[in-house]
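Asks: Got a predicted model here, sequence first, then my questions.
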Amino acid sequence: MHVARCLSLYSASLRQEQEPNMLIRTHNCGQLRDSDVGATVRLNGWVNSYRGHGTGLVFIDLRDRYGLTQLVFDGEDLPKDVLDAADHLRNEDVLAIEGTVRLRTGGENPKLITGKIEIEVSKLEVLNKTANPPFLPDDIAKLPNEELRLTYRYIDLRRPKMQQIMQTRHKLSKVTRDYFHENGFLEVDTPILYKSTPEGAREFLVPSRNVAGGWYALPQSPQLFKQILMVAGCDRYIQLCRCFRDEDPRADRQAEFTQVDLEMSFVRREHVMDMMEGYVRRLWKEMLNVDVPPVQRMTYREAMERFGIDRPDTRYGLEITDISELAGRSDVGFFKEALAKGTDRPKFNSRRGVVKAIRVPGGSEKLSRKITDGYNEFVRSFGAGGCAVVKMTAAGQLETGIAKLLESVKDELIKTLGLQAGDTVLFVADVYSTATKSLGELRQKVARDMGVVPKPGIEGGPWNFLIVIDFPMFERDKESGRWMAMHHPFTAPRDDQAQAFVDADVNDEVTIESIVSAGYDIVLNGQEIAGGSIRIHDGKAQSKVFQLLGLTPEQAKEKFSFLLEALSYGAPPHGGIAFGLDRLVMNFIGTDNIRDVIAFPKTQIGADLMTRAPSMVSDEQLKELYVKSTFTPPAKA
RNA sequence: GGGGCGGUAGCUCAAUUGGUUAGAGUACCGGACUGUCGAUCCGGUGGUUGCGGGUUCGAGUCCCGUCCGCCUCGCCA
């Protein structure tokens, strides 16, 4: 075993120097077997549990990250002072011991990999006595609340489960580096202290001491550095990099997170997608011995039409059907109101009025009135006016809600949706973007309520990969009405759209919204695990994007002159992608809490409970940075 | 910024409608015990019920504010 060899070399080299005042380990706590019986060994570790039988006999389970080994202090053969010391050991004390491996005389413990043997201790050194810990690193007992776990993270991380997570994360990083190394990628570090640019997310700022009034920003991603590395002839770049976005966190989102970031020169999007598919296949094979079949591709429009979301969970049905034409001939007032918002626009235009529906097989039994009332509130939180509900009876009639008003189109509706007795239908009528989004979110909620969401992949459920392509280049910001880049401002139009984009009138809303990018996302079981695109490598096209986004040429120059200049000096066609490393680990661990896969995560307000960051700094520190705080502490009563 | 849930012994939890001295398990301390393995048995210490106000004869419980943690909408290219 590799670890064992390192350890024995280490202790051997120590012995050649001065005799250390410590029993340096010869083995770890997960290593010894019945084949080692008779050997004299030294172990180091923490007391995981203490089972004393008075002054005569003491059992200790000694723990390190490799496992547990039982120690026995047997009074018949031990000096009294050693036995006394053993008798006062407590959970989490740190020990060094020397002893002899022997078969257990009191029966094996099948729960432990070292369960056939025990160490008959002859020497004991207490390396550090612990204070009474606030909790024990125990995977069997109920976990203390997360606040406490984060405050004493070093104790929480001692838990075997957390050790396993850190090992999984390490292995993922290693497989990643292996794969991309084998494919000719070069790992390059990019700066953490970067420039403030209006790329999307709110930035963390760092004041400069040497440049009065100057500020760095922490990178939201190394996006422009990796593109410039392509201009620099790097050809294939990879980095496991930390990214920073000063936005509110979620269960699967932290302000500080890690990406598998990469970029390739002289490629079309198929090359990048193939490389990514190869990566995913390699990862799942090495991490879980799972063979990932060829990944299906789906256009953004198909995803939105069928699933109402750009990261569809294809593990279950409950697909969305557009019934606008039929709804227009019904007697439902709010259907007609929604359709009146404009049906003359193109089919997928965000402002087109539509009526959409989800058929829920067997819903009338499982979805109570209380639940469907909740759906009404639910879709309202996404901006829709409400959610209408009808049920199909055994007699083939529609009932509840707007059933009567649908009478004139009943047969068509039944045929279009394929309704059967016991089904429930959920309707939303609004403009395309709102109706689609709210039904897309509702679909996922209904799936949970109906119990049709399979187990997570790690628990034997399916791994449904999907690559979504052909995203719109731009979408309207809901509040300002301005154009926003759907992926980011450096995304190129799809090859066949490039000319249309260059020719497009920036005021031609319908055309601008219809232009499709060369972007791609990788979706796993309804979760976006990676996103990327072919980039613009032409300065003129890049300038046009900036113009569309509302940047004046002066602003574009001030913020992005380095990019525009770089593009002008022989930039190769290039594209790339970034995977959310934390989310990958979450899938391999089977957790929906991103904090579980980060050694030292932050809370909802970005606090590190262990170090108590962020903290106040002195006026002297601020002054040196040319910064004056406007914060005034609240007056104390 | 909005909505929701939570905060009681070191930890996990309980405490009837607002009513006696806020309990239990565990950890910790002391004692017993030579084959345990989440050891067992006996005894003990341990409380600003997050914090601040209010209502009440009386508040862990009701009200207001605030802090912290979690979930979520907005936000996150």
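Replies: Looks like it arrived, so ask away.
Asks: Now tell me what touches stretch A:158-170 from outside.
Replies: Here stretch A:158-170 makes contact (C-beta atoms under 8 Å, 6 or more residues apart in numbering) with A:46, A:63, A:65, A:137-139, A:156-157, A:287, A:581, A:585, A:588-589, A:596-597, A:599. For glycine as for every other residue, the C-beta is placed from the backbone atoms N, C-alpha and C.
Asks: 10 Å instead?
Replies: Outside stretch A:158-170, the residues that touch it by C-beta atoms under 10 Å, 6 or more residues apart in numbering are A:46, A:48, A:63-68, A:92, A:133, A:135-140, A:143, A:149, A:152-153, A:155-157, A:258, A:287, A:581-582, A:584-586, A:588-589, A:591, A:596-599.
Asks: Of those residues, which count as buried by neighbour count?
Replies: For the contacts of stretch A:158-170, a burial check counting by 16 or more other C-beta atoms under 10 Å picks out A:46, A:48, A:63-68, A:92, A:137-138, A:149, A:152-153, A:155-157, A:258, A:287, A:581-582, A:584-586, A:588-589, A:591, A:596-598.
Asks: The stretch 151-300 of chain A against RNA strand B: which residues are in contact?
Replies: Residues of the stretch 151-300 of chain A that fall close to RNA strand B, judged by C-beta under 7 Å from any atom of the strand: A:199-202, A:220-221, A:223, A:245, A:247-253.
Asks: one step back: which ones among the buried ones among the contacts of stretch A:158-170 are found in helices?
Replies: Per DSSP state H, helices hold the following members of the buried ones among the contacts of stretch A:158-170: A:Arg149, A:Arg153, A:Ile155, A:Asp156, A:Met287, A:Leu581, A:Asp582, A:Leu584, A:Val585, A:Met586, A:Phe588, A:Ile589.
Asks: And the helices in the stretch 51-200 of chain A?
Replies: If you assign secondary structure with DSSP state H, counting those that start in this stretch, the helices in the stretch 51-200 of chain A sit at A:80-87, A:146-151, A:153-156, A:160-182.
Asks: Show me what the third one is packed up against.
Replies: Right, helix A:153-156. Packing partners of helix A:153-156 (3 or more C-beta pairs under 10 Å, 6 or more residues apart in numbering; DSSP states H and E): helix A:146-151, helix A:160-182.
Asks: Include mean pLDDT when you put those into CSV, please.
Replies: CSV is the format used below for those (pLDDT from 0 to 100):
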stretch, mean pLDDT
helix A:146-151, 96
helix A:160-182, 97
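Asks: pLDDT weak spots in the stretch 401-550 of chain A?
Replies: Applying pLDDT under 70 to the stretch 401-550 of chain A flags no residue at all.
Asks: list the contacts for A:Arg102?
Replies: Counted by C-beta under 10 Å, 6+ apart, A:Arg102 has contacts A:Asp34, A:Asp36, A:Val37, A:Gly38, A:Ala39, A:Val72, A:Ile117, A:Glu118, A:Ile119, A:Glu120.
Asks: For A:Tyr152, list the residues it contacts.
Replies: A:Pro133, A:Pro134, A:Phe135, A:Pro137, A:Pro144, A:Arg158, A:Leu609, A:Met610.
Asks: looking at it, the fourth one is touching A:Tyr154, isn't it?
Replies: The one in question is A:Pro137. Yes - judged on C-beta atoms under 10 Å, A:Pro137 makes contact with A:Tyr154 at a distance of 9.4 Å.
Asks: A:Val121 pairs with what?
Replies: The partner list for A:Val121 in beta bridges (DSSP bridges) reads A:Gly99.
Asks: Check the stretch 301-450 of chain A for the residue nearest RNA strand B and tell me.
Replies: Residue of the stretch 301-450 of chain A nearest RNA strand B, by C-beta to the nearest atom of the strand: A:Ser381 (5.1 Å).
Asks: isn't that residue right next to A:Thr434, touching?
Replies: No - A:Ser381 is not in contact with A:Thr434 according to C-beta under 10 Å; the separation is 11.5 Å.
Asks: what about these two, which has more around it?
Replies: A:Thr434 (22 against 9; other C-beta atoms under 10 Å).
Asks: Name the helix or strand for the residue lying closest to A:Leu398 once chain neighbours are set aside, please.
Replies: The shortest distance from A:Leu398 to any non-neighbouring residue, by C-beta to C-beta, 6 or more residues apart in numbering, is to A:Val390 (4.8 Å). Per DSSP states H and E: A:Val390 is located in strand A:388-392.
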